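K.L.:
Okay, sequence plus prediction incoming.
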Amino acid sequence: YHQTGSTKVQRKQWYQRRVRGHPREVSSKRKVSVIRKNTVGARKSRDPRFDDLSGQFDETCFQASYGFLGDMRSSEKAELQAELKKCKDPRKRDQLVKLINKINTSEKAQQIKAERHQMKVESRKEALASAKQGKNPYFKKKSELRRTELKMKFEKLKKEGGVDKYLAKRRKRNLQKDKKTL
């Protein structure tokens, strides 16, 4: 409700509306109550991924502990493929195809990650071996590691015979990028 005159009731009312229909505003002139909620002893939940109390993340230890997940994923993929052969509903079929593709891409990503890690380990071993022989150890830079990775990728594509296809896709991608920038 909205009244024009000031009464004792209206002065005491600290939860007022200036205009009818507008939200109520708390007066800034009212004192804060002495009794407050105790938030000091409140327990806060913490995320172990970002908390230092949980320790540092070790990729090799993680792979050793949870390596079985890859086997589970591959068995799940086999089950999905068997279900896909039996399935006749087009919607469910699309869902199954998407799931299988998702598993395939994650497997590829894991494989690429493992190859990169292996390459880093080998380059580190070479550097340490040269240090044991009395030479200056040379640790490869990221750019050099990328270059060797590209070489390995092209060698793999040569064996499979997909170099032309890969280069064509890359050219097409670069053309699209150029079109966007222009």
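P.N.:
Happy to help now that I have it.

K.L.:
Surely residue 99 and residue 83 touch.
P.N.:
No: distance between residue 99 and residue 83: 9.7 Å, which falls outside the contact criterion (C-beta atoms under 8 Å). Glycine gets a C-beta too; all of them are placed from N, C-alpha and C.

K.L.:
Return the per-residue confidence for residue 124.
P.N.:
The model reports residue 124 with a pLDDT of 91.

K.L.:
Output the contacting helices and strands for the helix or strand that contains it.
P.N.:
Using DSSP states H and E, residue 124 falls within helix 90-132. Helices and strands touching helix 90-132, as assessed by 3 or more C-beta pairs under 8 Å, 6 or more residues apart in numbering; DSSP states H and E, comprise helix 68-86, helix 142-160.

K.L.:
Low-confidence regions, the protein specifically.
P.N.:
For the chain, the stretches with pLDDT under 70 are 1-18, 23, 26-27, 37-42.

K.L.:
how many other residues sit next to residue 171?
P.N.:
Here the number of neighbours of residue 171 (other C-beta atoms under 10 Å) works out to 10.

K.L.:
count of residues packed around the residue nearest to residue 130 when sequence neighbours are not counted?
P.N.:
Distances taken as C-beta to C-beta, 6 or more residues apart in numbering put residue 137 closest to residue 130, at 5.5 Å, once the chain neighbours are dropped. Counted with other C-beta under 10 Å, the neighbours of residue 137 add up to 13.

K.L.:
give me every residue that touches residue 137.
P.N.:
Each residue near residue 137 by C-beta atoms under 8 Å, 6 or more residues apart in numbering is listed here: 127, 128, 130, 131.

K.L.:
Can you lay out the helices and strands packed on helix 90-132 as JSON lines showing mean neighbour count?
P.N.:
Shown next, in JSON lines, are the helices and strands packed on helix 90-132 (neighbours: other C-beta atoms under 10 Å):
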{"stretch": "helix 68-86", "mean neighbour count": "12"}
{"stretch": "helix 142-160", "mean neighbour count": "12"}
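
K.L.:
who wins for proximity to residue 32 among those?
P.N.:
Nearest of the helices and strands packed on helix 90-132 to residue 32, taken as C-beta to C-beta: helix 68-86 at 52.9 Å.
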